[in-house]
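Student: Sequence plus the predicted model coming up.
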Amino acid sequence: MARDPALKPYRIGVYCAYGLVCGLLFMQLLRSVVGDLYGREPVNAVTESPTACLEDVQRLWEQLSARAVQPAPGGIESNALSKEWDAWSRRWEDEVESVSVRCRLDSPSDAASRSLSDALDGIEDLRRRLSRSGEDAAEDARRVKDSLADARKHLGLK
């Protein structure tokens with residue numbers, strides 16, 4: 001069946017409209033994929049209020065303070081201490097990162113955010129220092145234990 005030549009302009013118009021709609025849908029799809037690949041911030045990203053951020057940083061400080069004075073589980077020379085510290089430290093670092101992202105403390109925009117960012121950096125520095133001092137204390141404890149064992153051996157005691 002042959003097509004009516006009188007309707008040719010209408011067919012061309014429909015083809016153009018169809019092509020335009022397909023092109024728009026393709027551009028939306030392409031924009032979405034490129035946005036996801038190159039880290040476009042999600043539209044529904046929730047930023048916390050400065051007060052909530054202050055409470056989160058305060059909570060992290062309190063956790064670290066409690067952790068710093070907590071007695072060592074299983075004794076000072078125990079491997080359980082280092083394993084437990086590593087597990088806690090990983091969880092704590094994830095929490096610090098979460099607060100930093102939610103409160104946008106990586107790029108503070110006002111004085112309060114800068115102060116919170118400085119406080120969070122200080123808390124993380126303190127955690128690193130506590131970790132190093134714990135390693136030093138464990139090494140000192142091992143030396144003391146080895147010295148005591150040597151003394152027992154030299155004295156002929158078991």
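Tutor: Arrived safely.
Student: where are the low-confidence patches of the protein?
Tutor: 40-47, 70-82, 134-141, 158 (pLDDT under 70).
Student: Next, name the residue at the spatial heart of it.
Tutor: With distances taken as C-alpha atoms, centre = their mean, E97 lies nearest the centre of the chain, 3.1 Å away.
Student: mind checking the SS state of R104?
Tutor: Assigned with DSSP: H, G, I helix; E, B strand; the rest coil, R104 falls in the coil class.
Student: Test my guess that it contacts S113.
Tutor: Yes: in this structure, R104 is within contact of S113 by C-beta atoms under 8 Å, at 7.0 Å. Where C-beta positions appear, they are placed from N, C-alpha and C, glycine not excepted.
Student: circling back: so what does the helix or strand that contains the residue nearest to the centre of the chain touch, helix or strand wise?
Tutor: Counting by DSSP states H and E, the element that carries E97 is helix 79-102. If you count contacts as 3 or more C-beta pairs under 8 Å, 6 or more residues apart in numbering; DSSP states H and E, helix 79-102 packs onto helix 50-69, helix 111-155.
Student: Now tabulate these in TSV and tack on distance to R11 and mean neighbour count.
Tutor: Output for the helices and strands packed on helix 79-102, formatted as TSV (distance: least, C-beta to C-beta, whole Å; neighbours: other C-beta atoms under 10 Å):
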stretch	distance to R11	mean neighbour count
helix 50-69	60	14
helix 111-155	60	13
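Student: For the ones you listed, could you give me CSV that also reports distance to Y38?
Tutor: Listed next are the helices and strands packed on helix 79-102 as CSV, based on distance: least, C-beta to C-beta, whole Å:
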stretch, distance to Y38
helix 50-69, 27
helix 111-155, 25
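Student: To G23, which of the ones you listed lies closest?
Tutor: Closest to G23 of those, according to C-beta to C-beta: helix 111-155, at 42.9 Å.
Student: could you list every residue that touches V101?
Tutor: Listed by C-beta atoms under 8 Å, 6 or more residues apart in numbering, V101 has no contact partners.
Student: ok, it to R128 distance?
Tutor: Remark: distance between V101 and R128 (C-beta to C-beta, to the nearest Å) = 20 Å.
Student: now do F26
Tutor: Computed as C-beta to C-beta, the F26 to R128 distance reads 50 Å.
Student: same deal with Q63?
Tutor: Distance from Q63 to R128, by C-beta to C-beta: 15 Å.
Student: likewise D110?
Tutor: Taking C-beta to C-beta, one finds D110 at 27 Å from R128.
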